[in-house]
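Novice: Attaching a predicted model along with its sequence, questions to come.
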Amino acid sequence: AQSVTQLDSHVSVSEGTPVLLRCNYSSSYSPSLFWYVQHPNKGLQLLLKYTSAATLVKGINGFEAEFKKSETSFHLTKPSAHMSDAAEYFCVVSMVGSGTYKYIFGTGTRLKVLA
Amino acid sequence: DTAVSQTPKYLVTQMGNDKSIKCEQNLGHDTMYWYKQDSKKFLKIMFSYNNKELIINETVPNRFSPKSPDKAHLNLHINSLELGDSAVYFCASSQKTGPGRAEAFFGQGTRLTVV
């Protein structure tokens, strides 16, 4: 069965410093992986996705993630945090069954950006 | 144009009432979903419909009844509301299948508060 584990429930960084949000996945076949962001009282926005093409995936707002099969990881990074990055981040794996996708969410990581 | 829209955005109601949440997508996707986000921000799938056919029912109480009049709409009706139903409900849609392993597009959420 597919699952994702977000290793940190909270991460705090100073503005201008790098961001690292960790995600490990479990999948019996080559997974599709996504990162979504949820700003306070807002919906879910796709940051980036990995779908078995390039292992280094670039997303919106300067975020990127690297798929590492040997480590079963898909960590999200950004070189320099901005105050507007403060939000909840979800790592998601999709699994296929009955001809459709089911998206399984991690428990989320709350990113706090300090001035 | 909003891709996935849900109404209402906020819903406050008393225990025992019956309420509905509507969802529409204009992306031409075959598959639609309902997710529930609890107070700890955890997102769990409730239902998935593929071209008006129920595909996934994740052991949700039968007080919850989804209805899909066409593949662009998936409504959620909840009978006899309980305090524990208070949550944010997200509608989403995605392509059924495809080489790109498509991401899900989410609505803005409906915050349901049962008092």
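Specialist: Structure's in. What do you need?

Novice: switch to C-alpha atoms for all contacts and neighbour counts from now on
Specialist: OK.

Novice: By average pLDDT, which secondary structure element in chain B comes out worst?
Specialist: Within chain B, no helix or strand scores below strand B:53-57, which has a mean of 83 by mean pLDDT, DSSP states H and E.

Novice: Distance from that one to the middle of the chain?
Specialist: Distance of strand B:53-57 from the chain centroid (C-alpha atoms, centre = their mean, to the nearest Å) equals 12 Å.

Novice: Which other helices and strands does it contact?
Specialist: When contacts are defined as 3 or more C-alpha pairs under 8 Å, 6 or more residues apart in numbering or on different chains; DSSP states H and E, strand B:53-57 sits against strand B:43-50.

Novice: Need the residues that contact the strand it packs on.
Specialist: Residues from elsewhere that reach strand B:43-50, judged by C-alpha atoms under 8 Å, 6 or more residues apart in numbering or on different chains: A:100, A:102-105, A:107, B:30-37, B:54-60, B:66, B:68, B:71, B:74, B:96.

Novice: interface residues of chain B facing chain A?
Specialist: When proximity is defined as C-alpha under 8 Å from any C-alpha of the partner chain, chain B approaches chain A at B:31, B:41-45, B:48, B:50, B:55, B:90, B:94, B:96-97, B:100-101, B:103-109.

Novice: In ChimeraX, how would I select the buried members of those?
Specialist: With 16 or more other C-alpha atoms under 10 Å in any protein chain shown as the criterion, this ChimeraX line picks the buried residues out of those:
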select /B:31,41,43,44,45,48,50,55,90,94,96,101,103,104,105,106,107,108,109
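
Novice: do you know how far residue B:84 is from chain A?
Specialist: 19 Å (C-alpha to the nearest C-alpha, to the nearest Å).

Novice: how near is that residue to residue B:39?
Specialist: Residue B:84 is 10 Å from residue B:39, where distance means C-alpha to C-alpha, to the nearest Å.

Novice: Repeat that for residue A:95.
Specialist: For residue A:95, the distance to residue B:39 equals 25 Å [C-alpha to C-alpha].

Novice: Tell me which helix or strand the residue nearest to the spatial centre of chain B sits in.
Specialist: The residue lying closest to the centre of chain B (C-alpha atoms, centre = their mean) is residue B:34, at 2.8 Å. Using DSSP states H and E, residue B:34 maps to strand B:31-37.

Novice: Show me what that strand is packed against.
Specialist: strand B:43-50, strand B:73-78, strand B:87-94.

Novice: what's the angle from that strand to strand B:73-78?
Specialist: Here strand B:31-37 points in a direction 40 degrees away from that of strand B:73-78 (axes from the mean of the first three to the mean of the last three C-alpha atoms, to 10 degrees).

Novice: Could you double-check that residue A:113 sits in contact with residue A:88?
Specialist: No. Taking contacts as C-alpha atoms under 8 Å, residue A:113 lies outside contact range of residue A:88: 11.7 Å.

Novice: Which residue would be the closest one in chain B to chain A?
Specialist: Residue nearest to chain A within chain B: residue B:108 (4.1 Å; C-alpha to the nearest C-alpha).

Novice: okay, now the closest residue in space to that residue that isn't next to it in sequence: neighbour count?
Specialist: Nearest residue to residue B:108 in three dimensions, chain neighbours excluded: residue A:43, at 4.1 Å (C-alpha to C-alpha, 6 or more residues apart in numbering or on different chains). If you count neighbours by other C-alpha atoms under 10 Å in any protein chain shown, residue A:43 ends up with 18.
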